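Asker: With the sequence up front, the predicted model follows.
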Amino acid sequence: MTSHPRRHRITADDGQTAVEFALVAPLLVVLLLAVIQVGLAFNHYVTLTDAARAGARKAVVARFSGASIGDVEQAVRSAASDLDQTQLGIQVADPTWNIPGSDVTVTVTYPYSIGLLGWVVASGNLTSTMTERLE
């Protein structure tokens, strides 16, 4: 009995799935990281919007409570406590605190950066502005 060497078929598809996965996996990981980064930026924007609303509300009732612009800024910082306070920008339009019907505008800014694998894809400032009328 003679033994024949095993022949390798050129058309064999052994390992094809592993090769396809190796080609597609990096793209899927980058896509997943991008979704996470955009989600974080959106979370920061929602936090800014809530902080601007809290500051504007504090300013609206200021004439009843005797609040100052510093108190309004503190209300914004308290509402945005999850964010880096050193990068949080707050602007309060100088309202006429004693005149009902005047508008108060609170603008809050915070930097964002969307990076993928060490490359910054997008960056800038998130901004939220709330305008309320003094009661």
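Answerer: Good, I have the coordinates.

Asker: contacts, neighbours, all on C-alpha from now
Answerer: Fine.

Asker: same for the helix or strand harbouring Ser128, what does it pack against?
Answerer: Here Ser128 sits within strand 119-133, counting by DSSP states H and E. Judged by 3 or more C-alpha pairs under 8 Å, 6 or more residues apart in numbering; DSSP states H and E, strand 119-133 is in contact with helix 16-60, strand 103-116.

Asker: mind listing what Gly115 touches?
Answerer: By C-alpha atoms under 8 Å, 6 or more residues apart in numbering, the residues touching Gly115 are 34, 37, 121-122.

Asker: and if you look at Gly89?
Answerer: When contacts are counted by C-alpha under 8 Å, 6+ apart, Gly89 touches 108-110.

Asker: I'd like to know the beta-bridge partner residues of it.
Answerer: Here Gly89 sits in beta bridges with Thr109, as judged by DSSP bridges.

Asker: how near is it to Ala25?
Answerer: Computed with C-alpha to C-alpha, to the nearest Å, the distance linking Gly89 and Ala25 is 40 Å.

Asker: Could you do Val76 as well?
Answerer: Computed with C-alpha to C-alpha, the distance linking Val76 and Ala25 is 42 Å.

Asker: Kindly provide the distance from the spatially most central residue of the chain to Arg53.
Answerer: In the chain, the centroid-proximal residue (C-alpha atoms, centre = their mean) is Ala41; its distance is 1.7 Å. Distance, Ala41 to Arg53, by C-alpha to C-alpha: 18 Å.
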